[in-house]
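Trainee: Take this sequence and fold it.
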Amino acid sequence: MQTAELTDYIFFGDINMLMEESTTYQYILSRGGDERGKRLLLRQATQRFGAPSSEQASRFQSVNELSKQEALSDRILTAADWDEFLRDI
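Mentor: Numbers count the residues shown, from 1 in each chain. You can find the predicted model right below:
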């Protein structure tokens, strides 16, 4: 097996498939996505509503579930202010 073929096998073959199925690997990916998503939502909300109060920032930082982040990503399009944006959080 040539070096390029071996590299492809390691990175794209059975080993990679096993790693992708790992619950630990999935958890790490999901946490990274959650944090990037939160940063983006915070940036957008700050642009739209201004800087959050400390209470609003604390409520926002408590949002860790992806489903809640997705709901906020929809709500940012229609909310008038931070309180409406963070409703039910």
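
Trainee: Just say helix, strand or coil for Pro52.
Mentor: Under DSSP: H, G, I helix; E, B strand; the rest coil, Pro52 falls in the coil class.

Trainee: Let me know the pLDDT of it.
Mentor: Reading off the confidence values, Pro52 has pLDDT 96.

Trainee: That one: what's it in contact with?
Mentor: Taking CB atoms under 8 Å, 6 or more residues apart in numbering as the criterion, Pro52 is in contact with 45-46, 60, 82. For the C-beta atoms, the positions are set from N, CA and C on the backbone; glycine is no exception.

Trainee: which among the residues you listed gets closest to Leu66?
Mentor: Using CB to CB, Phe60 comes nearest to Leu66 of these, at 14.9 Å.

Trainee: where does the chain have its least confident helix or strand?
Mentor: Every helix and strand of the chain was ranked by mean pLDDT, DSSP states H and E. The lowest is helix 14-21, at a mean of 59.

Trainee: What's the PyMOL line that selects buried ones from the contacts of Pro52?
Mentor: Restricted to buried positions by 16 or more other CB atoms under 10 Å, the PyMOL selection for the contacts of Pro52 reads:
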select buried, resi 45+60+82
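
Trainee: From Glu70, how far off is Gly37?
Mentor: Separation of Gly37 from Glu70 (CB to CB, to the nearest Å): 8 Å.
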